[in-house]
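> coords please:
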Amino acid sequence: MLFMQFGCKKDYLDRQIGTLLSEQQVFASYAYTERFINGSYAWLPDGFDRINGAMLDAATDDAEHTLESATIQRFNNGSWNGFSNPDDTWSFFYQGIRRNNLFLENADRVNLDALRLDPANQTEYQNRITDLVRWKAEATFLRAYCYFELVKRYGGVPLITKVLSLDDQLSDIQRNSLDECIQFIAAQCDSAAGKLNIFPGRIANDANASGRITKGAALALKSRVLLYAASPLYLQPDDLTDVKPTDVTKWAKAATAAKAVIDLNAYTLLASYPGLYNSIGNTELILARRYGAANGFERNNYPVGYDQGQSGTTPSQNLVDAYEMKDGSAFNWNNPAHAAAPYANRDDRLAQTILLNAAAWKGRPVEAWTGGRDGRGVDKATKTGYYLRKNVAEDVNLVTNTTKIHAWPLFRLAEIYLNYAEALNESDPTNTDILLYLNRVRTRSKQLGIDPGLSQTEMRKRIQNERRIELAFEEHRSWDVRRWKEGGNFFGTPLRGVQITRSDAGVFTYVPVVVENRVYAPKMNWYPIPQNEVIKSKGWKQNAGW
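Modelled structure (predicted):
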């Protein structure tokens, strides 16, 4: 709870440093201070089944979790509220904010006198001064990231920039407006970017510093923040209607922020889309959350017919239908040729993201048809007819418990290109950079570029769909649909799958079916503030509709 997180300091350092040290002892030591900032990276989120074994995408029109009892299903049946929210991160991110406030208030206390007074160690002294400047910029970024994670869920939240003591009047804390929060986060990104290098660490391409926050990460966060801030939901956060306001000035600022990342010239698209999966240090990644060797994600998401596979988060027909044909035209079930062979001549990213029926996987074809080893009729089998491919390591053996390094992409260049294209289309719809950067993302996957001549509305739909495809299962869909105020059109409609039958001759027939009727109301564009926080506060207004 917020009031507990900011009003109590007991045992905080002990839990993180792992020894009974006082605050003064920790921040007097360069080594302990380094360990403290490194520990703060734990507040960078990831989407590897973080909601009790499910991906957040299973609460969108892109996927369904195989277990009816999964916590994530509360989003889909509408049974969540301020008392019970499967993705309630309020306390977690305020812990991160407090931790970074503590670092920023104390980092200058590190004692470097021994080095400073030793003529033989002046280089090391200057290196450590440089490190401290960088660490404070990292803490500034991490605090801003925590605030953005709160803002995209709850709207305006209390902005607290110091470590509160028991003498502070915690009951006087109020929610800041959404605009105040956005302005604060953007300013913090600028502050961090001004003190960070394009490359992590002290030198370019320092392998030991891979995964650290850089200037590009700070500017990428600003790009995402200002893109969201220009979107319809953020312009009238309390409005529960379908009205979609626009603000050209805010869209222009979002375009400028995205272009600032591009103009660093520090990143390039990978030639291969699957090359992004669990890749650390590739040329497209701006920042990723790194993990050690593990296999929990594979265990949760391998098809059920493979040893110890649990199916987990399974893609929907809604998502599959969003992938274009190779020629750029839309897939259509009413086209007999499409219906007979629904995965032929499709965007390459379809098969690279989703395990399709009969796809080769771990030495045999996926049997997603009724009666197949991975199909309907098998306990915990997919209800949609599909399994997840993206970020799932094929070369893990769950029986012998082999593992794989994992990395969750927080920012990558393709997102920045799409941010730029979207913001330009809303602020300067005739700008040729819209198609230039949108088509760079498409042609990487051998998808035909979009021709000029589309209206602003038509281009908006193409850009929105491109985000859905390119950024699938990277925790963008939930927030994109909300900020566009399109929740009723996507999250409130039936989730579909496909019924697959196999004839004795081995011929497959595909029929789309409804898997689940979903519940979505306009109030769900924002999460409710945890009700216990509203009760303890003095006059906090709960989010509209809750």
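> helices of the stretch 301-450 of the chain, start to end?
Assigned by DSSP state H, counting those that start in this stretch, the stretch 301-450 of the chain shows helices spanning 317-322, 336-340, 348-353, 413-427, 433-444.
> which of those helices sits most buried?
Highest mean neighbour count among these (mean count of other Cβ atoms under 10 Å): helix 413-427, with a mean of 25. For the C-beta atoms, the positions are set from N, CA and C on the backbone; glycine is no exception.
> list the contacts for the nearest residue to residue 502 once chain neighbours are set aside?
The spatial neighbour of residue 502 that comes closest, neighbours along the chain excluded (Cβ to Cβ, 6 or more residues apart in numbering), is residue 369 at 4.4 Å. Contacts of residue 369 were listed using Cβ atoms under 8 Å, 6 or more residues apart in numbering, and they are 357, 375, 500, 501, 502, 508.
> kindly recompute the last result at 10 Å.
357-358, 375-377, 385, 498-503, 508-510 (Cβ atoms under 10 Å, 6 or more residues apart in numbering).
> same question, residue 44
Contacts for residue 44 (Cβ under 10 Å, 6+ apart) come out as 96, 141-142, 145-146, 149, 211, 213, 217, 287-290, 408, 410.
> let's see 6 Å
By Cβ atoms under 6 Å, 6 or more residues apart in numbering, the contact list for residue 44 reads residue 289.
> ok, it to residue 195 distance?
Applying Cβ to Cβ, to the nearest Å, the value for residue 44 to residue 195 is 19 Å.
> can you check residue 120 too?
Taken as Cβ to Cβ, the span from residue 120 to residue 195 is 28 Å.
> those two: who's more crowded?
residue 195 (16 against 7; other Cβ atoms under 10 Å).
> hmm, that one is touching residue 137, no?
Yes: the criterion here is Cβ atoms under 6 Å, and residue 195 meets it with residue 137 at 3.8 Å.
> show me the strands in the stretch 301-450 of the chain, by range?
Along the stretch 301-450 of the chain, the stretches classed as strands by DSSP state E, counting those that start in this stretch are 313-315, 354-355, 360-361, 364-365, 387-388, 404-412.
> tell me what angle the longest one forms with helix 413-427.
The one in question is strand 404-412. Interaxial angle of strand 404-412 relative to helix 413-427 (axes from the mean of the first three to the mean of the last three Cα atoms, to 10 degrees): 20 degrees.
> how about strand 404-412: buried residues?
Buried residues in strand 404-412, counted by 16 or more other Cβ atoms under 10 Å: 404, 406, 407, 408, 409, 410, 411, 412.
> and it, C-alpha only, in PDB?
Extracted in PDB, the C-alpha atoms of strand 404-412 (Å, rounded to 0.1, in the frame of the first residue of the first chain):
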ATOM      1  CA  LYS A 404      17.500 -21.300 -22.000                       C
ATOM      2  CA  ILE A 405      18.600 -17.700 -21.500                       C
ATOM      3  CA  HIS A 406      15.600 -15.400 -21.800                       C
ATOM      4  CA  ALA A 407      15.300 -11.700 -22.500                       C
ATOM      5  CA  TRP A 408      12.100  -9.600 -22.500                       C
ATOM      6  CA  PRO A 409      12.200  -6.700 -25.000                       C
ATOM      7  CA  LEU A 410      11.200  -3.500 -23.300                       C
ATOM      8  CA  PHE A 411      12.100  -1.200 -26.200                       C
ATOM      9  CA  ARG A 412      13.200  -2.000 -29.700                       C
END
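> in its sheet, what does it sit against?
Looking at strand 404-412 with DSSP bridges, its partner strands are strand 285-294 (antiparallel).
> what pLDDT does residue 23 get?
pLDDT for residue 23: 89.
> thinking again about what came up before, turn the helices of the stretch 301-450 of the chain into TSV, including distance to residue 170 and mean pLDDT.
Below are the helices of the stretch 301-450 of the chain laid out as TSV (distance: least, Cβ to Cβ, whole Å; pLDDT from 0 to 100):
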stretch	distance to residue 170	mean pLDDT
helix 317-322	44	99
helix 336-340	60	98
helix 348-353	46	99
helix 413-427	37	99
helix 433-444	46	98
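> tell me which of the ones you listed sits nearest to residue 168.
helix 413-427 (38.0 Å; Cβ to Cβ).
> packing partners for that closest one?
helix 215-230, helix 248-262, helix 433-444, helix 456-470 (3 or more Cβ pairs under 6 Å, 6 or more residues apart in numbering; DSSP states H and E).
> quick check, central residue of this structure?
residue 475 (3.8 Å; Cα atoms, centre = their mean).
> got phi/psi on residue 107?
phi -60, psi -30 (degrees, to the nearest 10).
> these two touch, right, it and residue 136?
Yes: between residue 107 and residue 136 a contact is recorded at 5.3 Å, counting by Cβ under 6 Å.
> the nearest residue in space to residue 279 that is not next to it in sequence and residue 142, how far apart?
Among residues not flanking residue 279 along the chain, residue 407 sits closest, at 6.3 Å (Cβ to Cβ, 6+ apart). Separation of residue 407 from residue 142 (Cβ to Cβ) stands at 18 Å.
> same question for residue 72.
Applying Cβ to Cβ, the value for residue 72 to residue 142 is 27 Å.
> can you check residue 46 too?
Counting by Cβ to Cβ, the gap from residue 46 to residue 142 is 14 Å.
> more neighbours: which of these two?
Remark: of residue 46 and residue 142, residue 142 carries more neighbours, 25 against 17, as counted by other Cβ under 10 Å.
> buried ones in the helix or strand harbouring that one?
Using DSSP states H and E, the element containing residue 142 is helix 122-154. Buried residues in helix 122-154, counted by 16+ other Cβ under 10 Å: 125, 128, 131-132, 134-154.
> next: stretch 270-288.
270, 273-274, 276-279, 282, 284-288.
> can you check stretch 370-382 too?
For stretch 370-382, by 16+ other Cβ under 10 Å, it's 372, 373, 374, 375, 376, 378, 381, 382.
> JSON lines for those residues, including distance to residue 173 and pLDDT?
Listed next are the buried residues of stretch 370-382 as JSON lines, based on distance: Cβ to Cβ, whole Å; pLDDT from 0 to 100:
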{"residue": "372", "distance to residue 173": "56", "pLDDT": "98"}
{"residue": "373", "distance to residue 173": "56", "pLDDT": "98"}
{"residue": "374", "distance to residue 173": "52", "pLDDT": "98"}
{"residue": "375", "distance to residue 173": "54", "pLDDT": "97"}
{"residue": "376", "distance to residue 173": "52", "pLDDT": "92"}
{"residue": "378", "distance to residue 173": "52", "pLDDT": "96"}
{"residue": "381", "distance to residue 173": "49", "pLDDT": "97"}
{"residue": "382", "distance to residue 173": "46", "pLDDT": "98"}
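> kindly reformat these as JSON lines containing distance to residue 479.
Formatted as JSON lines, the buried residues of stretch 370-382 follow (distance: Cβ to Cβ, whole Å):
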{"residue": "372", "distance to residue 479": "35"}
{"residue": "373", "distance to residue 479": "36"}
{"residue": "374", "distance to residue 479": "31"}
{"residue": "375", "distance to residue 479": "33"}
{"residue": "376", "distance to residue 479": "32"}
{"residue": "378", "distance to residue 479": "34"}
{"residue": "381", "distance to residue 479": "30"}
{"residue": "382", "distance to residue 479": "25"}
